[in-house]
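Peer 1: Sequence first, predicted model second:
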Amino acid sequence: MGVLSQKLFPIVEAMQKHFSTKDKYEYSVVPKLWGRIVQLDVDLKYRSNIRELFLEFDRFPSGVVIGIAREMQPVYRHTFWQYRKENPQSRVGEPPADGLPGFNSGVMLLDLGNVSLLADQYHFRGYLGDQDFFTMISMEHPGLIHSLACGWNRQLCTWWREHGYGDVFQLYYHCDGPVYIYHGNCNTPIPDD
């Protein structure tokens, strides 16, 4: 963690003024009130008791800060195009099971105690865009993330299938197992069941 912390600190420090307030910071207040939270997008449909999602916290290995499902579209294949061109053997942006497709923050579990420890380590006084930030962190430190089964965040958007990634789209979008939560991302209609 020390090397990543040293690399990120100058970037984070410069951006703090844009993402922070002068008085109080969420990271230092919220963990004292709650130890664990589930953060959910509004475009979701629940197909099971949400208490079952909270049980995923019990599956977190020690030190994990986030439970999040993988991105089910080739978003990061596209976003990391230049890196992938320069590093053709990289798994970054590749589909599962062996690739690193990134994450989707529509359904997210946060262990705020562990988040607070990391915030202290990074001297972080604000927050950045969540999904891209978690994906970047996971590329360097996959052990910080507990990957939820795709059924906990079954993303329905198919935009990338028609926009340059039809040949690999299904490798990302495929999801075996039960669907617990539908995510109508990209304004995609959610099935009635």
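Peer 2: Received, thanks.

Peer 1: Please enumerate residues in contact with stretch 59-72?
Peer 2: 56-57, 96, 101-111, 114-115, 118, 131, 134-135, 143-150, 152-155, 172-175 (CB atoms under 8 Å, 6 or more residues apart in numbering). Heads up, the C-betas are built off the backbone N, CA and C, glycines and all.

Peer 1: so R161 makes contact with V168?
Peer 2: No - using CB atoms under 8 Å, R161 is not in contact with V168, being 9.5 Å away.

Peer 1: circling back to that earlier point, restricted to helices, list the contacts of stretch 59-72.
Peer 2: 114-115, 118, 131, 134-135, 172-173 (DSSP state H).

Peer 1: Of those residues, which is the nearest to D192?
Peer 2: Y173 (20.7 Å; CB to CB).

Peer 1: was I right about that closest one contacting T158?
Peer 2: Yes - with contacts counted by CB under 8 Å, Y173 reaches T158, the gap being 7.1 Å.

Peer 1: who touches both of those two?
Peer 2: Common neighbours of Y173 and T158 (CB under 8 Å, 6+ apart) are Q73.

Peer 1: who has more neighbours, these two?
Peer 2: Y173 (21 against 16; other CB atoms under 10 Å).

Peer 1: Quick check: next helix or strand after the helix or strand of the chain with the lowest mean pLDDT?
Peer 2: The least trusted helix or strand in the chain, going by mean pLDDT, DSSP states H and E, turns out to be helix 26-33, with a mean of 50. Following helix 26-33 in sequence order, the next helix or strand is strand 36-40 (DSSP states H and E).

Peer 1: can you tell me the average pLDDT over the next helix or strand after that next one?
Peer 2: Going down the chain from strand 36-40, the next helix or strand is strand 44-46, by DSSP H and E. Strand 44-46 shows a mean pLDDT of 94.

Peer 1: List the strands paired with strand 44-46, with their directions.
Peer 2: strand 181-183 (antiparallel) (DSSP bridges).

Peer 1: remind me which residues of the chain are low pLDDT?
Peer 2: 1-33, 119, 122-129, 132, 136 (pLDDT under 70).

Peer 1: So in it, which strand runs the longest?
Peer 2: The longest strand of the chain (DSSP state E) is strand 103-111.

Peer 1: any idea of the angle that strand forms with strand 36-40?
Peer 2: With axes from the mean of the first three to the mean of the last three CA atoms, to 10 degrees applied, the angle from strand 103-111 to strand 36-40 works out at 150 degrees.

Peer 1: which strands and helices sit next to strand 103-111?
Peer 2: For strand 103-111, the helices and strands in contact under the criterion 3 or more CB pairs under 8 Å, 6 or more residues apart in numbering; DSSP states H and E are strand 36-40, helix 51-54, strand 66-70, helix 130-140, strand 145-148, strand 181-183.

Peer 1: again, 7 Å this time
Peer 2: On a contact count with 3 or more CB pairs under 7 Å, 6 or more residues apart in numbering; DSSP states H and E, strand 103-111 meets strand 36-40, strand 66-70, helix 130-140, strand 181-183.

Peer 1: Cheers, nothing more for now.
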